[in-house]
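**Q** this one's structure only:
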């Protein structure tokens, strides 16, 4: 080849690369279409396997929200004695705001407390029957995120010794228990998610392996006419990518259906808790992440299967 | 343009065997201490009885087999040192015609013929044009869209020949290419191979058809039990 031909060959390389990929893309789609039942089964099995981790994630974010609603961080609820006036309550709040362990203090009046209680299902008629408001002034203290648990406990002890305080409700132990529970749940879901992702890789690998075994003659002919290993492998990688992407789409549809089915019972549960639970649906980001991950898992499964089985098909 | 071969090195053999032996496990030597060379644009026949080693010789050149001993050099490159990537490039400059055709039975005749061009990354229009021209050359014009299973064995053989020549290879290897063809068509196919030789392709044909060998009158390598027992120049082939 002279220098002009070599230059022409170099110039044509991107076009050849693009044509080779376009051919592989077409071949991969053709292969999926040629085996509609096998493709549908692979996509269904992998889609359901991927729907489970996504469902776990949905459960986990809602458990986290539930934990926040029930535990309300490390907040200290300080109930003042009945004889404490608004001015005394405000004075104590000002003092506490100066404490380095405290991030914020919210003052809740007896009237506000009563209407909050009335909003909870079933309490309205009972509260209406009361001759006067029995609730005291309440200070809700939010400790700084950087505050050590020991400092928050010391603050609670100090407040319990204050003559104006009737009761100090420390949420930290409840929050710690909730955190431990959700942490455990999160780990279980991560492990199951990893196992199901591995299952998805194996499902695609098995499908690609079966495809390769049924096409040994074709692979052999391609190798005889000078196809490189990458050229022969490429349609299988694309097929794995499509299987993964389709499975991801199935998983997304399954989870969206799940959300739809659970919407009404979740709304009823939320209403029974006075609208404090705020159940969340998945937004677009995790759904897109799942689609990308599913496509990559499909590609990975195909890569592993093709690396192993195509080497065995080499005529040399 | 021929695929990837330097055409101005007339003195360097395109194919060179140096003391090449091939032994299959548990069998006698398929080839034994074989040495010969083919110049650029030379056409030769390899002949001998069944099991003489004709097909093995072609497989060594196409890198479908590796020699047990000795060196096979094609276009100046020692095939023993060739890695996976190099093997694919090597096969792209060789057109191979097989006894058992190696066609994809679920693809059209044109799709089969186009395969080497697909691998080479040629545009679709150019592929189709070249495939039609190659099919015309082997007498299968108008059969582009047929499936190979609908063709006779001889026609399938010609599809295999069209596929071997479509990329205008630098080296053309043919293993009993006329075995399933009638004598008239066999001569036509050999004429086609001679045309390729005339434009610079090195052609090596394995056959036991002595009538054809005498008619075409090219160099003849005679094998017997894996040994080269005679090397007859074209000028000495009896008519």
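**A** It's in. Predicted model, so just to flag it, every value in this text is computed and none were measured.
**Q** now the element after the lengthiest helix in chain B, going C-ward?
**A** Determined from DSSP state H, the single longest helix within chain B is helix B:183-198. From helix B:183-198 onward toward the C-terminus, using DSSP states H and E, the following helix or strand is strand B:202-206.
**Q** hang on, the earlier thing: which secondary structure elements does the longest helix of chain B contact?
**A** Here helix B:183-198 touches strand B:43-47, helix B:153-165, strand B:171-175, strand B:202-206, helix B:210-216, going by 3 or more CB pairs under 8 Å, 6 or more residues apart in numbering or on different chains; DSSP states H and E. All C-beta atoms are positioned from the backbone trio N, CA, C, and that covers glycine.
**Q** hmm, who's touching that helix?
**A** B:41-43, B:137-139, B:154, B:158, B:161, B:165, B:168, B:172, B:174, B:177-178, B:181, B:203, B:205, B:209, B:211-212, B:215-216, B:218 (CB atoms under 8 Å, 6 or more residues apart in numbering or on different chains).
**Q** report the inter-axis angle for it versus helix B:153-165.
**A** 0 degrees (axes from the mean of the first three to the mean of the last three CA atoms, to 10 degrees).
**Q** related to what we said a few turns ago, now the buried members of the contacts of helix B:183-198.
**A** B:41-43, B:137-139, B:158, B:161, B:165, B:168, B:172, B:174, B:177-178, B:181, B:203, B:205, B:209, B:212, B:216, B:218 (16 or more other CB atoms under 10 Å in any protein chain shown).
**Q** just the terminal-to-terminal distance for stretch B:176-187.
**A** 13 Å (CA to CA, to the nearest Å).
**Q** circling back to that earlier point, and the longest helix of chain B, how far out from the chain's middle?
**A** 13 Å (CA atoms, centre = their mean, to the nearest Å).
**Q** could you check the angle strand B:171-175 makes with it?
**A** Here helix B:183-198 runs at an angle of 160 degrees relative to strand B:171-175 (the same axes, to 10 degrees).
**Q** so where do the helices sit in the chain?
**A** No chain was given, so I picked chain A. With DSSP H, the ranges of helices along chain A come out as A:3-34, A:36-71, A:86-97, A:110-119, A:124-128, A:149-160, A:172-213, A:216-224, A:229-272, A:284-313.
**Q** that's the wrong chain, I wanted chain B
**A** B:54-61, B:84-92, B:109-120, B:124-137, B:153-165, B:183-198, B:210-216.
**Q** figure out which of these is closest to residue A:190.
**A** helix B:84-92 (39.2 Å; CB to CB).
**Q** who are the neighbours in contact with the residue nearest the centre of chain B?
**A** Nearest to the mean C-alpha position of chain B, counting by CA atoms, centre = their mean, stands residue B:173 at 1.0 Å. By CB under 8 Å, 6+ apart, residue B:173 lies in contact with B:58, B:61-62, B:94-97, B:164, B:204-206.
**Q** ok so, going back, buried stuff in the longest helix of chain B?
**A** B:185-190, B:192-193, B:196-197.
**Q** next, the angle from that helix to helix B:124-137.
**A** Going by the same axes, to 10 degrees, helix B:183-198 makes 130 degrees with helix B:124-137.
**Q** give me the angle between helix B:183-198 and strand B:202-206.
**A** Using the same axes, to 10 degrees: helix B:183-198 against strand B:202-206 is 150 degrees.
**Q** let me know the outermost residue of chain B.
**A** residue B:26 (28.0 Å).
**Q** and that one, its phi and psi?
**A** phi 80, psi 0 (degrees, to the nearest 10).
**Q** what's the distance between it and residue A:153?
**A** For residue B:26, the distance to residue A:153 equals 83 Å [CB to CB, to the nearest Å].
**Q** check residue B:224 too.
**A** 100 Å.
**Q** just residue B:130 next, same as before
**A** The value you get for residue B:130 to residue A:153, if CB to CB is used, is 85 Å.
**Q** next: residue B:48.
**A** On the measure of CB to CB, residue B:48 and residue A:153 end up 98 Å apart.
**Q** thinking again about what came up before, now render the helices of chain B as a markdown table, adding mean pLDDT.
**A** Formatted as a markdown table, the helices of chain B follow (pLDDT from 0 to 100):
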| stretch | mean pLDDT |
| --- | --- |
| helix B:54-61 | 94 |
| helix B:84-92 | 88 |
| helix B:109-120 | 95 |
| helix B:124-137 | 94 |
| helix B:153-165 | 91 |
| helix B:183-198 | 87 |
| helix B:210-216 | 88 |
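**Q** closest to residue A:242 out of the ones you listed?
**A** helix B:109-120 (20.3 Å).
**Q** that closest one close to chain A?
**A** Yes - counting by CB under 8 Å from any CB of the partner chain, chain A has neighbours in helix B:109-120: B:115-116, B:118-120.
**Q** residue contacts, residue B:219?
**A** Contacts of residue B:219 by CB under 8 Å, 6+ apart are B:42-45, B:231-234, B:237.
**Q** no no, residue B:48
**A** Contacts of residue B:48 by CB under 8 Å, 6+ apart are B:54, B:208, B:222-224.
**Q** make it 6 Å
**A** B:54, B:222-224 (CB atoms under 6 Å, 6 or more residues apart in numbering or on different chains).
**Q** repeat for residue A:132
**A** Counting by CB under 6 Å, 6+ apart, residue A:132 makes contact with nothing.
**Q** pLDDT at it, what is it?
**A** Residue A:132 carries a pLDDT value of 82.
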